[in-house]
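**Student:** okay, sequence plus prediction incoming.
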Amino acid sequence: MKKRLIKTCFIGVFFIISCSKNEKLGNEAVHLKVSNFNKIGEIHNSFLTNVKDNFKTINSITNNREKIGAIYEFNKKFVSSLNISNTEKNILVANLEKNKSFVKEDILIAKSFGNSFSKKTYENEENLFEKIDNLKKDEIINDNSYQILNSLSNDLKANYNGILSDSHLKTNVQLLINEFNSIGYSKDSEGEMVGVVLAISIASIEWWEQNPDALGTLASKNNTSNKALIVPWLAADLVGGAVSSVVAIGGQAAINGEINWGTVGWSALGGAVSGSTGAVGKIAKWLF
């Protein structure tokens, strides 16, 4: 009887420990890391590489609106080559079209930080910081997400102004990635959006480090060399992902009060791609 009781207790304890370990593993499995979104960062960079290697300016087009449309059509065509679902392709194409004006640096920066960094932005819209504040106020994002998005936006503004170097921006983005990874966001949460924005940011920084020649004649114009600063083009690239994701959240919440966080992530990619392709030298020169 005693042996049976000991055996039963042992089995019970073993069962509890096993369940606890399985529960812990299960929880860890759904805790998001920025690395979960590396694929989206890689897709972002593939757009940049495609533009750098294959985009040809069209001399017969002189109207800026038509130029923006031509760049959008070029990026739209590239979507069909991506190894993603048809649903993801449709969302991405829709957001490439919605954010196609982001290829113009002045429009993107005005929408993000305002004209001359005034309180209101392009066409009297709220700026990026006000949009993030409102998401927090409406309890759409929590304190952690607010802190990360606000810190990233401040760093991008400082980078654009030439106050924060590209190397320091990269360091700060990596710190934000570490902070995100330590929070333990669950799937189908706001972490889907914040993680995508950070994944695109670090991927973009690394791409520009490896492809400084993509600036073309803009590099010499700004006295840059292969490993020198690429301000303001880097900030213009990264902020596209941030502002498009924040706008997408507000739009979904206004329509039905529910947010598809995965959709928001692809919205971030659409804005980032538009901002980044506008930073490639031959396109920036063509548009200016």
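**Tutor:** Okay, I see it. If you're wondering where the values come from, they're calculated on a predicted model, not measured in any experiment.
**Student:** what are the ranges of the helices in the protein?
**Tutor:** For the chain, the helices defined by DSSP state H occupy 2-30, 38-54, 64-79, 86-98, 105-113, 128-137, 143-160, 166-183, 191-210, 217-221, 233-256, 261-279, 281-287.
**Student:** now mean pLDDT too, for those, in TSV please.
**Tutor:** Listed next are those as TSV, based on pLDDT from 0 to 100:
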stretch	mean pLDDT
helix 2-30	41
helix 38-54	94
helix 64-79	94
helix 86-98	91
helix 105-113	85
helix 128-137	90
helix 143-160	93
helix 166-183	95
helix 191-210	92
helix 217-221	46
helix 233-256	72
helix 261-279	85
helix 281-287	84
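**Student:** tell me which of the ones you listed is the most buried.
**Tutor:** Burial of the helices of the chain is given as mean neighbour count (mean count of other Cβ atoms under 10 Å); helix 261-279 ranks first at a mean of 27. For glycine as for every other residue, the C-beta is placed from the backbone atoms N, C-alpha and C.
**Student:** got the angle between that helix and helix 38-54?
**Tutor:** If you take axes from the mean of the first three to the mean of the last three Cα atoms, to 10 degrees, helix 261-279 sits at 30 degrees to helix 38-54.
**Student:** helix 261-279 vs helix 86-98, what angle?
**Tutor:** Orientation check (the same axes, to 10 degrees): helix 261-279 against helix 86-98 gives 50 degrees.
**Student:** now helix 261-279 - C-alpha only, PDB.
**Tutor:** C-alpha atoms of helix 261-279 as PDB (Å, rounded to 0.1, in the frame of the first residue of the first chain):
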ATOM      1  CA  TRP A 261      -3.100  43.100 -36.600                       C
ATOM      2  CA  GLY A 262      -1.700  40.900 -39.300                       C
ATOM      3  CA  THR A 263      -3.200  43.200 -41.900                       C
ATOM      4  CA  VAL A 264      -1.700  46.200 -40.200                       C
ATOM      5  CA  GLY A 265       1.700  44.500 -40.500                       C
ATOM      6  CA  TRP A 266       1.400  44.300 -44.300                       C
ATOM      7  CA  SER A 267       0.200  47.900 -44.300                       C
ATOM      8  CA  ALA A 268       3.400  48.900 -42.600                       C
ATOM      9  CA  LEU A 269       5.300  47.100 -45.400                       C
ATOM     10  CA  GLY A 270       3.400  48.900 -48.100                       C
ATOM     11  CA  GLY A 271       4.300  52.300 -46.600                       C
ATOM     12  CA  ALA A 272       7.900  51.300 -45.900                       C
ATOM     13  CA  VAL A 273       8.400  50.100 -49.500                       C
ATOM     14  CA  SER A 274       7.100  53.400 -50.900                       C
ATOM     15  CA  GLY A 275       9.300  55.400 -48.600                       C
ATOM     16  CA  SER A 276      12.400  53.300 -49.300                       C
ATOM     17  CA  THR A 277      12.100  53.200 -53.100                       C
ATOM     18  CA  GLY A 278      11.800  56.900 -53.000                       C
ATOM     19  CA  ALA A 279      15.200  57.000 -51.200                       C
END
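**Student:** can you pull the contacts of N75?
**Tutor:** When contacts are counted by Cβ atoms under 8 Å, 6 or more residues apart in numbering, N75 is found next to F47, V51, L96, V273, S274, T277.
**Student:** let me have those in CSV, adding distance to N59 as columns.
**Tutor:** Shown next, in CSV, are these (distance: Cβ to Cβ, whole Å):
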residue, distance to N59
F47, 23
V51, 18
L96, 24
V273, 24
S274, 22
T277, 19
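**Student:** mind picking the two most distant members of these?
**Tutor:** Across the contacts of N75, the longest distance by Cβ to Cβ is 12.5 Å; it joins V51 and L96.
**Student:** separation between I177 and S189?
**Tutor:** With distances taken as Cβ to Cβ, to the nearest Å, I177 is found 17 Å from S189.
**Student:** I meant K137, not that one.
**Tutor:** Here K137 is placed at a distance of 19 Å from S189 (Cβ to Cβ).
**Student:** go on, Y160?
**Tutor:** In this structure, Y160 and S189 are 30 Å apart, going by Cβ to Cβ.
**Student:** with N134 instead?
**Tutor:** N134 is 19 Å from S189, by Cβ to Cβ.
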